[in-house]
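A.B. asks: can't give you the sequence, but here's the structure:
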Ligand code: UD1
């Protein structure tokens, strides 16, 4: 077990490079099983969720090899079935993509119900609705195993009752090899939907409309291997942007797509942060006292739920009142109890947090309750007076590569301490 020890009070300065998008990589890696061939995926983030997916694919017979720090070669020609025997699938949320991808290639797949962050009820009824509309039967056993199978998959029109990233990608994966046309209406529009669709199209799929709320898929007979580069991580970049604001810093964030950061850029500008956009980088700099703003998380292009927690910490550290409304996740304010230990003044329910900001956050021993809450606590530690210790940082390692090194390079006083 390790913990982070942070000494607060340093303004972040310098340059940070952003890695590949976790939420795109964890969809694209399972999608490789849709072909019976070798794919090279570049700009893969070095995070635990990617390692777990590598183990899962190896378990079902793929040949998975890291070519260098950020490229991975996946040969799926020797996989015969997509049946995940052990509990690896419980470690991450994205294991549910094995269902759509396995259904697409083998017309049959089985995993344990997915794990991932504890941010409230996270049903997958829309994934199931999509699979069934394509002709599959879905069975969930009492011990939490989900199995999907079909004699054949036939394209259909599917309207999602909830805008769901996971369901949109999973249905796309099941539909690319189905017979005929599939239309997904009320589809999610996040950048990683577009990235996954681009990857599938590079393998020979015929998907149009990704990035809009109607996605049209013409089924094809076969997909082939390809080389593909994952887009930059919008959430990782947003985390450093918010950290720069919280510490009154001045940083350049490299290897980003500024367009994907607009929901965050808009809010930080509204608060008074200086932002300059360049081709593939962005400068975020403190100019004048920041003013609190209200936030509501929404599906893309709304403010991302994955940055609600870092943003709540930033707002907690400013003088004045603000309101955060969680419009995507069911119960994403549990971590608030941890920042309250540092002196934050927040009243919250499942969907709302009312913040009375204070400039007197103080270091404390706190627990990362999930991935993004962990990142938020790092930001709180950077702002707080004194020493903060964050335990259960394995949550953070699931989704942020080299996080302490990246913050250290920006001048932060943070170290990872191994405990027995
Ligand atoms: C994915 C991301 C996660 C991000 C979230 C929202 C991955 C691995 N995870 O999670 O980082 O926070 O998108 O951007 O990419 N819902 C249903 N039924 C469904 C599906 C979803 O009711 O079948 C509801 C749930 O309340 C769920 C919410 O919609 O919490 C968002 O779901 P979805 O967009 O699918 O997100 P996740 O797959 O949970």
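C.D. replies: Looks like it came in fine. Here the structure is a predicted model, which is why all the values come from computation and not from measurement. Numbers count the residues shown, from 1 in each chain.

A.B. asks: least confident secondary structure element in the chain?
C.D. replies: For the chain, using mean pLDDT, DSSP states H and E, the weakest element among its helices and strands is helix 88-91, scoring a mean of 85.

A.B. asks: briefly note if stretch 117-125 comes near the ligand.
C.D. replies: Yes: Stretch 117-125 is in contact with the ligand by C-beta under 6 Å from any ligand atom, via 122-125. Glycine gets a C-beta too; all of them are placed from N, C-alpha and C.

A.B. asks: widest-spaced pair of those?
C.D. replies: Looking at the residues of stretch 117-125 next to the ligand by C-beta to C-beta, the two members farthest from one another are 122 and 125, with 10.4 Å of separation.

A.B. asks: between these two, which is the more surrounded one?
C.D. replies: The neighbour comparison of residue 122 against residue 125 (other C-beta atoms under 10 Å) goes to residue 122, with 18 against 11.

A.B. asks: quick check, the more buried one in a strand?
C.D. replies: No: secondary structure assignment (DSSP: H, G, I helix; E, B strand; the rest coil) places residue 122 in coil, not in a strand.

A.B. asks: still on that earlier bit, list the helices and strands the least confident helix or strand of the chain packs on?
C.D. replies: Using 3 or more C-beta pairs under 8 Å, 6 or more residues apart in numbering; DSSP states H and E, the elements in contact with helix 88-91 are helix 48-59, strand 108-112.

A.B. asks: go ahead and confirm residue 414 touches residue 381.
C.D. replies: Yes: between residue 414 and residue 381 there is a contact at 7.4 Å, judged by C-beta atoms under 8 Å.

A.B. asks: any residues in contact with both of these two?
C.D. replies: By C-beta atoms under 8 Å, 6 or more residues apart in numbering, residue 414 and residue 381 have these common neighbours: 4, 6.

A.B. asks: hang on, the earlier thing: by how many degrees do the following helix or strand past the least confident helix or strand of the chain and strand 108-112 diverge?
C.D. replies: Using DSSP states H and E, the helix or strand that follows helix 88-91 towards the C-terminus is helix 97-106. Interaxial angle, helix 97-106 versus strand 108-112 (axes from the mean of the first three to the mean of the last three C-alpha atoms, to 10 degrees): 160 degrees.

A.B. asks: do helix 97-106 and the ligand meet?
C.D. replies: No: applying C-beta under 6 Å from any ligand atom, one finds helix 97-106 separated from the ligand by no less than 8.1 Å.

A.B. asks: give me the contact list for that helix.
C.D. replies: 26-27, 30-36, 56, 79-82, 84, 89, 108-111, 127, 131, 134, 136, 146, 148-150, 153, 166, 169-178.

A.B. asks: tell me what angle it forms with helix 48-59.
C.D. replies: Going by the same axes, to 10 degrees, helix 97-106 makes 30 degrees with helix 48-59.

A.B. asks: avg pLDDT for helix 97-106?
C.D. replies: In this model, helix 97-106 has an average pLDDT of 97.

A.B. asks: how is this protein partitioned into domains?
C.D. replies: Here the domain parsing of the chain from automatic domain parsing is 2-18+232-418, 22-229.

A.B. asks: give me the phi and psi for the residue of the stretch 151-300 of the chain found nearest the ligand.
C.D. replies: Among the residues of the stretch 151-300 of the chain, residue 166 lies closest to the ligand, at 2.9 Å counting by C-beta to the nearest ligand atom. Note on residue 166: backbone dihedrals following degrees, to the nearest 10 are phi -60, psi -50.

A.B. asks: what's the burial count for the residue in the stretch 1-150 of the chain positioned nearest to the ligand?
C.D. replies: When C-beta to the nearest ligand atom is the measure, the stretch 1-150 of the chain has its nearest residue to the ligand at residue 126, with 3.2 Å between them. As a burial measure, the neighbour count of residue 126 was computed by other C-beta under 10 Å and equals 21.

A.B. asks: the residue lying closest to residue 410 once chain neighbours are set aside and residue 306, how far apart?
C.D. replies: Leaving aside its chain neighbours, residue 410 sits nearest to residue 12 (4.2 Å; criterion: C-beta to C-beta, 6 or more residues apart in numbering). Applying C-beta to C-beta, to the nearest Å, one obtains 20 Å for the distance of residue 12 from residue 306.

A.B. asks: quick one: pLDDT of the residue located most distally from the centre of the chain?
C.D. replies: Centroid-distance maximum for the chain: residue 151 at 33.0 Å, with C-alpha atoms, centre = their mean. At residue 151, the predicted lDDT confidence score is 97.

A.B. asks: TSV for the helices and strands packed on helix 88-91, including distance to the ligand and mean neighbour count?
C.D. replies: Putting those into TSV (distance: least, C-beta to the nearest ligand atom, whole Å; neighbours: other C-beta atoms under 10 Å) gives the following:
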stretch	distance to the ligand	mean neighbour count
helix 48-59	8	20
strand 108-112	14	21
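
A.B. asks: got the residues of the stretch 251-400 of the chain near the ligand?
C.D. replies: With C-beta under 6 Å from any ligand atom as the criterion, the stretch 251-400 of the chain comes near the ligand at residues 305-306, 328-330.

A.B. asks: reformat those residues as a markdown table; add secondary structure, pLDDT and neighbour count.
C.D. replies: Compiled in a markdown table, those are given as follows (DSSP: H, G, I helix; E, B strand; the rest coil; pLDDT from 0 to 100; neighbours: other C-beta atoms under 10 Å):
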| residue | secondary structure | pLDDT | neighbour count |
| --- | --- | --- | --- |
| 305 | helix | 96 | 18 |
| 306 | helix | 97 | 24 |
| 328 | coil | 93 | 21 |
| 329 | coil | 90 | 19 |
| 330 | coil | 86 | 12 |
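
A.B. asks: appreciated, that's everything.
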